[in-house]
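Asks: coords please:
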Amino acid sequence: MKLANLLGADQIILDMKAVEHWPAIEELVGHLVKINLLPEAQQQSMLEAFKAREEQVSTGIGSGVAIPHAFSDDLEQVAAVFGRSNAGIDFEAIDNSPVHFIILFIVPRKDYHLHLRTLAAIAKMFTNSEVRRQLGTAQTRDEILAILDSKPSRAPAPQP
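Replies: I've put the predicted structure just below:
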């Protein structure tokens, strides 16, 4: 699965306003409401679901990346948003580094297996430092989509 399959240009925030963990999640969930991927009537319950998830352990996975995720009984398809913070956000990440890339997604509860595949795909993509570098320097939403749609480049094999 490619992350780009879950995102369109309107689901990308090039420079988030939030500088702290919880306000960042509120900004991203609010963006899903703004672009009509999450009904406004569900905004509060989804924020509560994200808060419960983040209280277990931060979804800041390290290397400047966070993947907040939650389930919904009301959505029929995955709702996702990508946020980039040039300044960095204190997300209480496992490596204590500021987060620059946040992929927030909501999965319909009936599609639990999709949740695991989505998490794995995102984590795999963001282990590549070149992908993170390219995302950090991308100037447009379309550039970000193209990076997320590409296969992560691999370092050339060492020569004997």
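Asks: buried set for stretch 70-77?
Replies: By neighbour count with 16 or more other C-beta atoms under 10 Å, stretch 70-77 contains the buried residues 70-72, 75. For every residue, glycine as well, the C-beta is placed using N, CA and C.
Asks: what residues are up against D73?
Replies: Taking C-beta atoms under 8 Å, 6 or more residues apart in numbering as the criterion, D73 is in contact with 108-109.
Asks: redo that, cut-off 10 Å
Replies: 42, 45, 108-110 (C-beta atoms under 10 Å, 6 or more residues apart in numbering).
Asks: right, and the pair among these with maximum separation?
Replies: S45 and K110 (16.8 Å; C-beta to C-beta).
Asks: surely T118 is in contact with Q77?
Replies: No - look at T118 against Q77 with C-beta atoms under 10 Å: they stay out of range, at 11.9 Å.
Asks: now the buried residues of stretch 70-77 in JSON lines, with secondary structure?
Replies: Listed next are the buried residues of stretch 70-77 as JSON lines, based on DSSP: H, G, I helix; E, B strand; the rest coil:
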{"residue": "A70", "secondary structure": "strand"}
{"residue": "F71", "secondary structure": "strand"}
{"residue": "S72", "secondary structure": "strand"}
{"residue": "L75", "secondary structure": "coil"}
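Asks: now the lengthiest helix in the chain: buried residues?
Replies: Assignment by DSSP state H gives helix 40-56 as the longest helix of the chain. Residues of helix 40-56 classed as buried under the neighbour-count rule (16+ other C-beta under 10 Å) are 42, 46-47, 49-50, 53-54.
Asks: go on, stretch 120-135?
Replies: Under 16+ other C-beta under 10 Å, the buried positions of stretch 120-135 are 121-122, 125-126, 128, 131-132, 134-135.
Asks: pLDDT added to the residues you listed, as JSON lines?
Replies: Formatted as JSON lines, those follow (pLDDT from 0 to 100):
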{"residue": "A121", "pLDDT": "81"}
{"residue": "I122", "pLDDT": "84"}
{"residue": "M125", "pLDDT": "86"}
{"residue": "F126", "pLDDT": "88"}
{"residue": "N128", "pLDDT": "88"}
{"residue": "V131", "pLDDT": "92"}
{"residue": "R132", "pLDDT": "93"}
{"residue": "Q134", "pLDDT": "95"}
{"residue": "L135", "pLDDT": "95"}
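Asks: understood, closing this out.
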